[in-house]
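[1] Need a 3D model of the following:
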Amino acid sequence: MADEMSLTGAGITPIPGVVLTYPFDPEIAAAIPMLPEMREIDLPTQRRRTAEMFAQLPSADTTGVTVEDRMVPGAVGDPEVAIRIYRPVGECFPAAIYDVHGGGFVVGDLEMNHRANVVLARELKVVVVSVDYRLAPENPYPKPLEDVYAGLVWAATHSDELGVDARRIVIHGASAGGGLCAGLALLARDRGGPEIAFQFLNVPELDDRLMTQSMIAFTETPLWNRPLAVNSWDHYLGAGRAGGQDVPIYAAPARATDLTGLPPAYISVMEFDPLRDEGIAYAQALLAAGVSVELHLFPGTFHGSGLVEYAAISQREKAESLVVLSRALGL
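    I've put the predicted structure just below:
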């Protein structure tokens, strides 16, 4: 990809951690000591370390892309929602990507995916709209999802202004962003719109019950692990609600029993990621409901290992994402 960057060449300062014994891909394993330690830490530390990691990455090269920040209406009674609009200079196809950042429902903002969104707009020559939803635990479910839904409603109803065909909007998210996109697809279906052309779910966080084999096994994996997942759901749903009987499908899409009528999907999972098995199970459930799905497990990887951008497996993942998105956007 044009924005390819080597993590070890980005000037990132190593943060002491544990080099794990999982059989990771050798190229990404070499970078693990450079990643922030994320085991059994409190939320302020998690937020600080995540912000530090992204702050040390090179600034985005916005050549060929215009970037505009805007506030749009939130849900009734809710505050306005911040969005960021990326437009390619020159040729622009009438399709759009609606991007939702990750961060375990508790971390992240418009800067988290800024570099990646610039690349998407420039490489695919489409508009990208990124949404800055409120974070838990200060704003638990349903507030983050309602912000994401409000941003999509704005993009669809302002498609003429954006130069976009409202029927060619692809939702796109990773980790908690992937889970929010899956919930968004269910919510849009059940509320009667907006129309979604495709859902791109990268390592989605989908299941608050935390009972899959990968979730139970991977307690010490880099960047994401079972202790962080436990805290994530506790913050998002409210203390003590995760795993209970009253968790809505829009919060935890893995609980949905009716997946009919949803847009086609691409789901990617990483081999040594606690979220691996819930992503696979969701792909299987979509297929059983008659929804077209492409599923890819990347071997030797962990959650967020794509940050090691020089690794061949990371380059394969990024190249595939462009191919999948290009096809989904009808380019």
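[2] can you pull out the strands in this structure?
    Under the criterion DSSP state E, strands of the chain are mapped to 65-72, 81-88, 96-100, 127-132, 169-174, 198-202, 265-272, 293-302.
[3] Redo these as TSV? Include mean neighbour count.
    No exception for glycine: its C-beta is placed from N, CA and C like everyone else's. Listed next are those as TSV, based on neighbours: other CB atoms under 10 Å:
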stretch	mean neighbour count
strand 65-72	14
strand 81-88	21
strand 96-100	27
strand 127-132	26
strand 169-174	28
strand 198-202	25
strand 265-272	24
strand 293-302	19
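[4] okay, the closest residue to residue 229 other than its chain neighbours: pLDDT?
    Nearest non-adjacent residue to residue 229, counting by CB to CB, 6 or more residues apart in numbering: residue 274, 5.6 Å away. As predicted, residue 274 sits at a pLDDT of 98.
[5] Ok, residue 13 next?
    Looking at residue 13, the pLDDT reads 36.
[6] what does residue 223 give?
    pLDDT for residue 223: 93.
[7] mind listing what it touches?
    35-36, 38, 302-305 (CB atoms under 8 Å, 6 or more residues apart in numbering).
[8] hmm, 7 Å instead?
    By CB atoms under 7 Å, 6 or more residues apart in numbering, the contact set of residue 223 is 35, 38, 302-304.
[9] How about residue 238?
    Residue 238 is in contact with residue 140, counting by CB under 7 Å, 6+ apart.
[10] and what of the one 4 residues further on?
    Residues in contact with residue 242 (CB under 7 Å, 6+ apart) are 208, 233-234.
[11] Any figure for the gap between it and residue 313?
    32 Å (CB to CB, to the nearest Å).
[12] Please apply the same query to residue 162.
    34 Å.
[13] Residue 119 now?
    18 Å.
[14] Please apply the same query to residue 298.
    Relative to residue 313, residue 298 is positioned 6 Å away (CB to CB).
[15] Most neighbours among the contacts of residue 223, which one?
    Neighbour counts for the contacts of residue 223, by other CB atoms under 10 Å, peak at residue 302, which reaches 29 neighbours.
[16] Tell me who's in contact with that residue.
    Counted by CB under 7 Å, 6+ apart, residue 302 has contacts 24, 221-223, 270, 272-273.
[17] so which of those comes closest to residue 202?
    residue 270 (9.4 Å; CB to CB).
[18] residue contacts, residue 23?
    residue 300.
[19] where's the closest residue to residue 141 other than its chain neighbours relative to residue 162, distance?
    Spatially, and ignoring its direct neighbours in sequence, residue 141 is nearest to residue 251 (4.6 Å; CB to CB, 6+ apart). Noted for residue 251: a distance of 29 Å to residue 162, by CB to CB.
[20] quick one, which of those two is more surrounded?
    Set residue 251 next to residue 162 and count neighbours by other CB under 10 Å: residue 251 wins out with 23 against 20.
[21] Would you confirm that the more buried one contacts residue 233?
    No. At 8.9 Å, residue 251 does not count as touching residue 233 under the criterion of CB atoms under 7 Å.
[22] So, low pLDDT: which residues of the stretch 1-150 of the chain?
    For the stretch 1-150 of the chain, the stretches with pLDDT under 70 are 1-20, 40.
[23] Please, where are all the helices along it?
    Counting by DSSP state H, counting those that start in this stretch, the stretch 1-150 of the chain has helices at residues 26-29, 43-55, 114-124, 143-157.
[24] Ok, the stretch 201-331 of the chain next?
    According to DSSP H, counting those that start in this stretch, the helices that the stretch 201-331 of the chain contains are 213-217, 226-237, 276-288, 312-328.
[25] which other residues reach the third one?
    What it means is helix 276-288. Helix 276-288 is contacted by residues 203-204, 206-207, 212-215, 253-254, 259, 262, 265, 267, 269-270, 293, 295 when judged by CB under 7 Å, 6+ apart.
[26] now do 8 Å
    Here helix 276-288 has contacts from 182, 201, 203-207, 212-215, 218, 253-254, 256, 259, 262, 265, 267-270, 293, 295, 297, using CB under 8 Å, 6+ apart.
[27] Nice, that's everything, thank you.
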